[in-house]
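A.B. asks: Fold the following for me, if possible:
(chains A and B)
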Number of protein chains: 2
Amino acid sequence: MYVILEGIDRAGKSTQMKMLQSRLPDAVFTKEPGGTKLGEAIRELVLHGGEIAPIAEMFLFLADRNQHLNEIILKNNQKTVISDRGFISGIAYAHVKTGLPIKKLIDLNMTSLEKTLPDRAVLLKLSPRELDRRLPVQKLDNIESKGSEFLIRVQEIMEHTLKICGIEHIVLDASQSKEALNEKIYNFITKDSKWPQ
Amino acid sequence: MYVILEGIDRAGKSTQMKMLQSRLPDAVFTKEPGGTKLGEAIRELVLHGGEIAPIAEMFLFLADRNQHLNEIILKNNQKTVISDRGFISGIAYAHVKTGLPIKKLIDLNMTSLEKTLPDRAVLLKLSPRELDRRLPVQKLDNIESKGSEFLIRVQEIMEHTLKICGIEHIVLDASQSKEALNEKIYNFITKDSKWPQ
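C.D. replies: This next block holds a predicted model:
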């Protein structure tokens, strides 16, 4: 089973990934961008490679996504694979940065994913107020250095894209306690599971 | 004016580019992949970055193409820009390597080129016999290490794609003398030109 954990920066994805790792020791934990050697190189280019045109950046992330599919997702298709971000982030950031239509971006991502969509998705959602409260805590990196208005717009597109792609998903209020949040994510991932955990 | 010089490896593109440089001192000479800082990094990744999935590689070249468009082509749109390779190579190699339909690949390239197609294209074409004669001379690199059958198939797709894209182009027999070839290319590029040379 292929699960993606989605949400804008500061929503608490890393904390939840760590908590899931201790509860699902046999699952495979990965991330986009950067779960492969090529992905790490692409991540490095985007963060420190100078000025990159928005559509060029989008194609770099699509390259990372296809490599991640072939190296991680398809090779572990008998296991539970949980990814910190996936194509939902890809579409949302690309839409806001390039202005390309969501339908077009879904099509580009289907090519990158060779039609292998995640089975389940979790979106950690922040209210604008909660995001503002959390934003100053951590220094923003290049990927998301656009402030809270930009991030809330990205989050809206994430939720919209999840709905129109027809993937089984839950949207969770990320401001609740990390323990309460983890319980809900864990239950959603493991319910009715025919996959070994 | 934006001109691309296309052809498989060994067709003599580099020699022709050098000859054109001395005849058109005010033109901008560039190449794909690799005419930009990002492009050089992508070229390095493809050549020495380990095993890359075919669709991931295609997206890396599409990223390079969009960066090249924004950094080189659009910034020099008052000049004659001559590029060693362009989207025709991109489509032909990607089709043979990934099996994606040419129509789909044209669409992906239109996104990368933000609909800025070259004004003119030159294809240097080798007969299979002439290619076999030239192949052992130079060590093949990673990008094209598939032998003459592969290259001839790529060349066929190049010619087919040029026809269906409706770009003004010439197909030249690359086995003629470099001087005769250069005269034809030069005349094609400079005819009726409203652009400064």
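A.B. asks: Near chain B, which residues of chain A are found?
C.D. replies: Proximity of chain A to chain B, by Cβ under 8 Å from any Cβ of the partner chain, involves residues A:37-38, A:41-42, A:45, A:49-50, A:52-53, A:55-60, A:62-64, A:66-67, A:69-71, A:100, A:104, A:108, A:111-112, A:114. For the C-beta atoms, the positions are set from N, CA and C on the backbone; glycine is no exception.
A.B. asks: how many other residues sit next to A:Ile185?
C.D. replies: A:Ile185 has 22 neighbouring residues, counting by other Cβ atoms under 10 Å in any protein chain shown.
A.B. asks: so where does it fall, helix or strand?
C.D. replies: Element membership of A:Ile185, judged by DSSP states H and E, is helix A:178-190.
A.B. asks: Alpha carbons of that helix, in PDB - could you do that?
C.D. replies: Coordinates of the C-alpha atoms in helix A:178-190 are reproduced here as PDB (Å, rounded to 0.1, in the frame of the first residue of the first chain):
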ATOM      1  CA  LYS A 178       0.500  15.400  17.900                       C
ATOM      2  CA  GLU A 179      -0.600  12.300  19.700                       C
ATOM      3  CA  ALA A 180      -4.300  12.700  18.700                       C
ATOM      4  CA  LEU A 181      -3.200  13.400  15.200                       C
ATOM      5  CA  ASN A 182      -1.000  10.400  15.000                       C
ATOM      6  CA  GLU A 183      -3.800   8.100  16.300                       C
ATOM      7  CA  LYS A 184      -6.000   9.200  13.500                       C
ATOM      8  CA  ILE A 185      -3.300   8.800  10.800                       C
ATOM      9  CA  TYR A 186      -2.300   5.400  12.200                       C
ATOM     10  CA  ASN A 187      -5.900   4.200  12.200                       C
ATOM     11  CA  PHE A 188      -6.500   5.500   8.600                       C
ATOM     12  CA  ILE A 189      -3.400   3.800   7.300                       C
ATOM     13  CA  THR A 190      -4.000   0.400   9.000                       C
END
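A.B. asks: Show me what it is in contact with.
C.D. replies: With Cβ atoms under 8 Å, 6 or more residues apart in numbering or on different chains as the test, helix A:178-190 has contacts from A:1, A:3, A:5, A:12, A:15-16, A:19-20, A:23-24, A:80, A:82, A:120, A:122, A:124, A:170, A:172, A:174, A:197.
A.B. asks: rewinding a little: is there a quick ChimeraX command that grabs whichever of the residues of chain A next to chain B are buried?
C.D. replies: Buried subset of the residues of chain A next to chain B, written as a ChimeraX selection, criterion 16 or more other Cβ atoms under 10 Å in any protein chain shown:
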select /A:38,41,42,45,49,52,53,55,56,57,58,59,60,62,63,64,66,67,69,70,71,100,108,111,112
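A.B. asks: Buried residues, the helix holding A:Ile185. List them.
C.D. replies: A:181-182, A:185-186, A:188-189.
A.B. asks: Of those, which is the nearest to chain B?
C.D. replies: Nearest to chain B among those, counting by Cβ to the nearest Cβ, is A:Ile189 at 26.7 Å.
A.B. asks: Please report the distance of that closest one from A:Lys31.
C.D. replies: According to Cβ to Cβ, to the nearest Å, A:Ile189 and A:Lys31 sit 16 Å apart.
A.B. asks: Check A:Glu130 too.
C.D. replies: Using Cβ to Cβ, A:Glu130 is found at 23 Å from A:Lys31.
A.B. asks: the helices in chain A, which residues?
C.D. replies: Ranges of helices within chain A are A:13-23, A:37-48, A:54-68, A:87-98, A:102-112, A:128-134, A:147-165, A:178-190, based on DSSP state H.
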